[in-house]
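Show me how the following folds:
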Amino acid sequence: FAEGQIRLVYTHYDRFVVGGAVPDGAALTLDAVDETKTPSFLDRREMGIVNIGGPGRVEAAGQGWDMAPGDVLYLGAGSGAVTFSGQGRFYITSAPAHRQLPCRLVTVADAKEVRMGAVETSNKRTIKQFIHPLVMESCQLVLGYTTLEDGSVWNTIPSHVHDRRMEAYLYHGMEPQSRVLHLMGEPQETRHIFVANEEAVLSPTWSIHSGAGIGSYTFIWAMAGDNVDYTDMDFIQPEDMR
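Okay, the predicted model is just below:
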């Protein structure tokens, strides 16, 4: 995220794109992106946008949506140029789409909420599902976010892999000096990285993804691949990891 800029990362994991848009008082427009080789970025793509900043606005497909902090906007293929304005900090996720679906704003109140974990295992957390089959229809993008309860540090425990989909994590809501120890790699040969506030991690299909943080944090998870089944995962118990 950089004030006054749109910054994108194009990956070869299911051609997924992550990025950030920070209007900082002046509107920013996302349209043609050279990597996609299409006249407009969303010609053959869908997009999920999460506002992790102040009140903001997004305009596309001849429509406009005011987004409160935590709201998620889905833009279907063919939505044209996308304009960001206001005080929002917009996290952008995008995947190829095979058909056009309606744009939709999913507010925090609209999301499906799932509570998991326990205090005893330091992983009590609330999962909010936005772009999800139980909430709305998409082509292949699935998105939501998880917030840890006070005193809990571990996310996505037990860990898992899902060979049918890649996943991207964005950590935010952290103090500048805080870090999340993010685990990835094959279950029998894990690796770790230290992630700061508003940094994203790309997780290939063969990689686990778990983490433990210093202080409170939220992570946005977004996936693309063969299916949109949130429960399609192969669990790896802690005693089986190396």
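
all contacts plus neighbour counts: C-alpha atoms, from now on.
Fine.

Apart from its neighbours in sequence, what residue is nearest Val106?
Distances taken as C-alpha to C-alpha, 6 or more residues apart in numbering put Val72 closest to Val106, at 5.2 Å, once the chain neighbours are dropped.

How confident was the prediction at the one you found?
Turning to Val72, the model gives it a pLDDT of 98.

cool, and the one 4 residues further on?
The predicted structure scores Gly76 at 98 on the pLDDT scale.

For it, the count of nearby residues, please.
Using other C-alpha atoms under 10 Å as the criterion, Gly76 is surrounded by 25 other residues.

same check, this time on Ala2
By other C-alpha under 10 Å, the residues close to Ala2 number 12.

Against Trp154, how distant is it?
In this structure, Ala2 and Trp154 are separated by 28 Å, where distance is defined by C-alpha to C-alpha, to the nearest Å.

Tyr91 now?
With distances defined as C-alpha to C-alpha, the gap from Tyr91 to Trp154 amounts to 23 Å.

now Ala61
Between Ala61 and Trp154 the distance is 40 Å, computed by C-alpha to C-alpha.

neighbour count winner among those two?
When Ala61 and Trp154 are compared on other C-alpha under 10 Å, the one with more neighbours turns out to be Trp154, at 22 against 15.

what about the residue lying closest to Arg104 once chain neighbours are set aside, which helix or strand?
Distances taken as C-alpha to C-alpha, 6+ apart place Tyr74 nearest to Arg104, at 5.2 Å, with adjacent residues excluded. For Tyr74, the host element (DSSP states H and E) is strand 72-75.

circling back to that earlier point, which strand residues bridge the residue nearest to Arg104?
Per DSSP bridges, residues listed as beta-bridge partners of Tyr74: Gly48, Arg104.

so it makes contact with Thr107?
No: Tyr74 lies out of contact with Thr107 (C-alpha atoms under 8 Å); the separation is 10.9 Å.

Compare these two (neighbour count), which wins?
Remark: of Tyr74 and Thr107, Tyr74 carries more neighbours, 25 against 15, as counted by other C-alpha under 10 Å.

circling back to that earlier point, may I have the strands that pair with the helix or strand just after the strand holding Tyr74, each with its orientation?
The first helix or strand that comes after strand 72-75 along the chain, using DSSP H and E, is strand 82-86. Each strand that pairs with strand 82-86, with its direction, by DSSP bridges: strand 28-30 (antiparallel), strand 56-60 (antiparallel).

Great, nothing more from me.
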